[in-house]
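In: model this:
(one chain, ligands or ions: 2)
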Amino acid sequence: LQISPFISSLPKVELHIHIEGTLRPPLRWTLAQRNNIPLQFKDQTYKTYEELLESYQVTYNHRPELGGRKDVPTFLEAYFAGCEVLLQEEDFYDLAMDYLKRCQEMKVRYVEPFFDIQAHTRRGVAAEAVLNGYLRAQREGAERYGVKSQWIFCFLRDEPVEDGEAVYETALPWATCNGGYGLFHAVGLASNAYERPPILFKNAFARARADGLHLTTHCDFGQKDTHEHIRQAIFDVGVERIDHGLDALDRDELVEGLRTRGIGLTLCPHAYHRRTATEALFPKLRQLLDKGVKYCVNSDDPVYMHDVWIDGNQEKAYNYGGLSKAEMVQLGRNAVDMCWADEEVKKSIY
Ligand code: ADE
Ligand code: ZN
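Out: Ligands and ions are numbered 1, 2, ... in the order given. Prediction:
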């Protein structure tokens, strides 16, 4: 995917990226050596760097009737397998610094990365190692690369709610509120949404709101019960943004809810394009504009999605969505508008 000079030149704000989805193979290899961890997935061991690279050919699902393969990991399985090399504070720091450096190369000026702390604590990693590693990178990344960041704590929605609430309690001193260290300013929901509607986390969200944090949730494109999940997110939980949420287009009451409450969508076109025909997908970007739904273009998990980053996603929206240069600039402004940075930071971006 070639990035045009126009897309390259745009200053960018990234609002939908999972930090663990930016762990590039060279760093994963280095961390495996450093921590003496075998690189593996189920019964397969990746003994050489080339074998590791092949493991990134993930499948969308395991069901052949849906075009999936049984012999390779699903995207989420590969993502969590990648996490296994992250053990020490230094590892989380290195991961985040590697990403913030990548941001500088793409002219990303400000980013709100998601982090899946439970993906690490459930493996026995100390919450402090994760939080301090990311905190140090937040500070040094801003200095060294000029990339500011405010992070988003994600509950793993397919784990018990109480587990997430307990980790949240541990992490709270690292939040922006109550004179905390200032790493994260919001909470969200990630991982497998199957039979895990946002309403299950209603109390956890209410608690975070009471603590002064912002709220968002994933409602991935084309998932089971997606319309009901979006409805709950808008009307029952009261989130401020929705991650994906493209299926809202199918229902007038959802479009109206997004519009009247000013809820923006953080879209990741390439994530949908992996499993949706161009003609079925990209007209939706125009339809959202026509209906007055605010959205911005983001990347999700670049390393596990064919190495397509925010610039590649914008390139796809520009080329396949038939958007004008002025409209692409407007989508960039939308991201500034939708982000939860302080006003001075917002002013410094665009
Ligand atoms: N966690 C990390 N990446 C994710 C994605 N794309 N969807 C759901 N959960 C995730
Ligand atoms: Zn995501």
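
In: From here on, just use CA atoms for contacts and neighbour counts.
Out: OK.

In: In space, what's closest to Phe80 - neighbours in sequence excluded?
Out: Ala119 (7.1 Å; CA to CA, 6 or more residues apart in numbering).

In: Tell me if I am right that the one you found is in a helix.
Out: Yes. According to DSSP: H, G, I helix; E, B strand; the rest coil, Ala119 belongs to a helix.

In: Contact partners for it?
Out: Residues in contact with Ala119 (CA atoms under 8 Å, 6 or more residues apart in numbering) are Phe80, Cys83, Leu156.

In: Most neighbours among those residues, please name it.
Out: Most neighbours among those, by other CA atoms under 10 Å: Leu156, with 22 neighbours.

In: Report the contact partners of that one.
Out: Asp116, Gln118, Ala119, Gly164, Leu189, Ala190, Ser191, Asn192.

In: could you pick out which of these are near ligand 1?
Out: Ala190, Ser191, Asn192 (CA under 6 Å from any ligand atom).

In: Switch those over to CSV; also include pLDDT, neighbour count and secondary structure.
Out: Formatted as CSV, those follow (pLDDT from 0 to 100; neighbours: other CA atoms under 10 Å; DSSP: H, G, I helix; E, B strand; the rest coil):
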residue, pLDDT, neighbour count, secondary structure
Ala190, 98, 21, strand
Ser191, 98, 17, coil
Asn192, 97, 15, coil
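
In: Any idea which residue of the protein lies closest to ligand 1?
Out: In the chain, the residue found nearest to ligand 1 is Ser191; the distance is 3.3 Å by CA to the nearest ligand atom.

In: pLDDT wise, what is the closest residue in space to that residue that isn't next to it in sequence at?
Out: Excluding the flanking residues, the one nearest Ser191 by CA to CA, 6+ apart is Leu156, at 5.5 Å. Leu156 carries a pLDDT score of 98 in this model.

In: any idea how far Leu156 lies from Thr217?
Out: 11 Å (CA to CA, to the nearest Å).

In: hey, what's in contact with both of those two?
Out: Joint contacts of Leu156 and Thr217 (CA under 8 Å, 6+ apart) are Leu189, Ala190.

In: which residues of the stretch 51-200 of the chain fall in strands?
Out: Counting by DSSP state E, counting those that start in this stretch, the stretch 51-200 of the chain has strands at residues 108-111, 114-115, 148-149, 151-156, 184-190.

In: I'd like to know which of those is closest to Asn319.
Out: strand 108-111 (20.3 Å; CA to CA).

In: can you name the two of the contacts of Leu156 that are farthest apart?
Out: Gly164 and Asn192 (14.4 Å).

In: What residues does the chain have near ligand 1?
Out: Residues of the chain lying near ligand 1 by CA under 6 Å from any ligand atom: His18, Ala190, Ser191, Asn192, Asp300, Asp301.

In: Help me confirm that the fifth one comes into contact with Glu20.
Out: Going back to what we said before, that points to Asp300. No. Counting by CA atoms under 8 Å, Asp300 stays clear of Glu20, with 10.1 Å between them.

In: neighbour count winner among those two?
Out: Asp300 (30 against 26).

In: For that one, name its beta-bridge partners.
Out: Counting by DSSP bridges, Asp300 is bridged to Ile17.

In: from here on, count from 475
Out: Taking 475 as the first residue, the last one we looked at is Asp774.

In: ok, now how distant is it from Asp545?
Out: Using CA to CA, Asp774 is found at 24 Å from Asp545.

In: Tell me how many other residues crowd Asp811.
Out: Using other CA under 10 Å, the number of residues around Asp811 comes to 17.

In: Helix or strand: which one has the nearest residue to it once chain neighbours are set aside?
Out: Distance criterion CA to CA, 6+ apart; nearest residue to Asp811, sequence neighbours excluded, is Lys820 at 7.9 Å. Using DSSP states H and E, Lys820 sits within helix 817-823.

In: Contacts for that helix next, please.
Out: Surrounding helix 817-823, the residues in contact under the criterion CA under 8 Å, 6+ apart are Pro485, Arg583, Tyr584, Val810, Asp811.

In: Please apply the same query to stretch 718-731.
Out: Applying CA under 8 Å, 6+ apart, the external contacts of stretch 718-731 come out as 692-696, 700-701, 704-705, 708-709, 737, 739-742, 758, 761-762, 765, 767.

In: quick one: which of those sit in helices?
Out: Thr700, His701, Ile704, Arg705, Lys758, Gln761, Leu762, Lys765 (DSSP state H).

In: Tell me the confidence at the closest residue to Tyr668 other than its chain neighbours?
Out: Once flanking residues are discounted, Tyr668 sits nearest to Lys698: 6.7 Å by CA to CA, 6+ apart. Per-residue confidence (pLDDT) for Lys698: 95.

In: Over to Thr548?
Out: Thr548 is assigned a predicted lDDT (pLDDT) of 86.

In: would you turn the residues of the chain next to ligand 1 into CSV with distance to Lys676?
Out: Output for the residues of the chain next to ligand 1, formatted as CSV (distance: CA to CA, whole Å):
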residue, distance to Lys676
His492, 22
Ala664, 15
Ser665, 17
Asn666, 17
Asp774, 24
Asp775, 26
